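Student: need a structure here:
(one chain, ligands or ions: 2)
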Amino acid sequence: MEGFLISKTLFTACELGVFDLLLASQDPLSAQQIAQAAGASLDGTKRLLAACTGLELLSAHCQDGGQVVYSNTEQARVYLTRASPLSLQPSIQYSSRTIYLCWHYLTDAVREGRNQYEKAFGVSSKDLFQALYRSDEEMMKFMQLMNSIWNICGRDVVTAFDLSPFRSIYDLGGCSGALAKQCTSAYPECTVTIFDLPKVVQMSREHFVTSDNQRIGFHEGDFFKDCLPEADLYILARILHDWTDQCCLELLTRVYQACKPGGAVLLVEALLYEDSSGPLTAQLYSLNMLVQTEGRERTASEYTALLTAAGFAHIHVRHTGKIYDAVLGRKEERD
Ligand code: SAM
Ligand code: ASE
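Tutor: Ligands and ions are numbered 1, 2, ... in the order given. Sure, this is the predicted structure:
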C-alpha cells in the first residue's frame, strides 16, 4: 500500500544530492550542513534524513556534544552516488521523472489496454519511440536508464551462453552500447555493431562509446524498415518486450532472413514463469510495458513460439537468477 512512500523518499534524496554530498565530504555531516548544501529547509531535510536512516540508506551517529551526523551506508555508496561505477542514479532519475508520472495513469492503462503518453505528457504521436524520445533530454535520460543496469548484470546475460563461436555480432536496438561493451570484454575475438535509430547512434557515439574501443562499430537504421546486414549473431536485448506479437514476428523474420546459416539470435528479457506466477519484478515490468510501450513481458515458451514461427530452431533458455535472462535460437546450416 505504501511502497510508493519509499520510492519517493529515495527519489528525493537522490535529487537533492544527499548521497553525493556525503560521498564528497570527508566527515559525516549534520542535517544543518546537508540542508544548507542542498538548498533545502532544515525541517524537511531532518525528516528526509530520518526516513533514509530507517531505510538503511544512511547511518546516523550521535557525536559527543549530542549533535547527530549522517553518513552513507555501503549500499548507498555503491548504488546511489553518481560517481560509482555501479550507480543506479540514472535509473532512479528516469523512474522519478518519467515512470512515476506514467504510473499515475495505471488504472486508465489497464482499462484501455494501452500506453498513457497522451495523458501523462500530452504526446499524441502514434510512433512509440517518438513518444519515448519526445525531447533530446528525454532520449538522453532513457539511454542512461538503459545503460545503467548492464554495469550490474550485463556480464551474466552475455555469458549465459558461450557466444565465442560468433565473431560478427549485431546488437539490434543496441542503444548506449553498454551490452556491446560487455560482449567485447567477455569475448576477445568478436566485433559488435550497435544498430539503432540515427539520433540514438549519434548520442551513443558522442556520450557513451569511446573511440578507443576498436571492436565496437555503429550502424544507423530502422530495424522494421531498413535492410539488416548479415551477421553470425543478433542480440535483441529488451527489444521484443516493447512490441506486439505481430511486430515481434515481423522483426524476428527479418532477422532470420539476414542471419548467416549456422548463426543465431540472442534474446535478453525478464522472463515470466510459465504460469505467470512470478517473478514479481517481471510481473511489475509487464505492467510498466503496458503504461509505457506497446509490448509485454513474456514467458520462455512465448518467446520460443515467436522464434519458431520466424524459422529459428534449437532454442535454449538460460535463467541468470538476476532480472534479465537469455534465450538463444539458431538458424540451421542448410535452409
Ligand atoms: N538493447 C538496449 C538495452 O537492453 O539496454 C536498449 C533497449 S531499448 C528498450 C530499445 C532500443 O531500440 C532503443 O535503443 C531504441 O532506440 C531502439 N529502437 C526502437 N525502435 C527502433 C527501430 N525501428 N530501429 C532501430 N532501433 C530501434
Ligand atoms: C523499455 C524498457 C524500460 C521501455 C521502457 C522502459 C524500462 C523502464 N522503462 O524497453 C526498464 C525496465 N524497468 C521497468 C520498470 O520496466
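
Student: return the nearest residue of the stretch 1-150 of the chain with respect to ligand 1.
Tutor: Per C-beta to the nearest ligand atom, residue 146 is where the stretch 1-150 of the chain lies closest to ligand 1, at 3.6 Å. All C-beta spots, glycine's among them, are computed from the backbone N, C-alpha and C.

Student: which residues touch the nearest residue to that residue once chain neighbours are set aside?
Tutor: If the residues on either side of it in the chain are set aside, residue 146 comes closest to residue 175, at 4.6 Å by C-beta to C-beta, 6 or more residues apart in numbering. Contact partners of residue 175, counting by C-beta atoms under 8 Å, 6 or more residues apart in numbering, are 143, 146-147, 194, 196, 200, 204.

Student: want to throw these into CSV with secondary structure and neighbour count?
Tutor: Compiled in CSV, these are given as follows (DSSP: H, G, I helix; E, B strand; the rest coil; neighbours: other C-beta atoms under 10 Å):
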residue, secondary structure, neighbour count
143, helix, 23
146, helix, 23
147, helix, 21
194, strand, 29
196, strand, 25
200, helix, 24
204, helix, 22
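
Student: ok, so of those residues, who is nearest residue 25?
Tutor: In terms of C-beta to C-beta, no member of those lies closer to residue 25 than residue 147, at 27.5 Å.

Student: which pLDDT does the model give the closest one?
Tutor: pLDDT recorded at residue 147 is 95.

Student: that one contacts residue 176, correct?
Tutor: Yes - in this structure, residue 147 is within contact of residue 176 by C-beta atoms under 8 Å, at 4.0 Å.

Student: so what sits against both of those two?
Tutor: Contact criterion C-beta under 8 Å, 6+ apart; residues shared by residue 147 and residue 176: residue 208.

Student: what is the one helix or strand residue 21 maps to packed up against?
Tutor: In the assignment (DSSP states H and E), residue 21 maps to helix 18-24. Of the remaining helices and strands, those touching helix 18-24 by 3 or more C-beta pairs under 8 Å, 6 or more residues apart in numbering; DSSP states H and E are helix 31-38, helix 42-54, strand 68-72, helix 74-79.

Student: make a markdown table out of these and add mean pLDDT.
Tutor: Putting these into a markdown table (pLDDT from 0 to 100) gives the following:
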| stretch | mean pLDDT |
| --- | --- |
| helix 31-38 | 98 |
| helix 42-54 | 98 |
| strand 68-72 | 98 |
| helix 74-79 | 98 |
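
Student: grab the nearest non-local neighbour of residue 41.
Tutor: residue 35 (6.6 Å).

Student: again with residue 142
Tutor: Nearest residue to residue 142, sequence neighbours excluded (C-beta to C-beta, 6+ apart): residue 132, at 6.0 Å.

Student: same check on residue 200?
Tutor: Here the residue nearest residue 200, using C-beta to C-beta, 6+ apart, is residue 175, at 6.2 Å.

Student: how about the strands in this protein?
Tutor: 29-30, 58-62, 68-72, 168-172, 191-196, 216-220, 233-237, 264-269, 313-318, 325-330 (DSSP state E).

Student: can you give me how far the first one is from the chain middle?
Tutor: Centroid displacement of strand 29-30 relative to its chain, using C-alpha atoms, centre = their mean, to the nearest Å, is 34 Å.

Student: quick one: strands adjacent to it?
Tutor: Here strand 29-30 is paired, per DSSP bridges, with strand 68-72 (antiparallel).

Student: flag every residue of the stretch 151-300 of the chain that's near ligand 1.
Tutor: Where the stretch 151-300 of the chain comes near ligand 1, counting by C-beta under 6 Å from any ligand atom, the residues are 173-175, 179, 196-197, 200, 222-224, 237-239, 242.

Student: of those, which is the most crowded?
Tutor: Among those, residue 174 has the most neighbours (other C-beta atoms under 10 Å), with 29 neighbours.

Student: report the mean per-residue pLDDT for the helix holding residue 21.
Tutor: Here helix 18-24 scores 98 as its mean pLDDT.

Student: since that was my last question, I'll sign off now.
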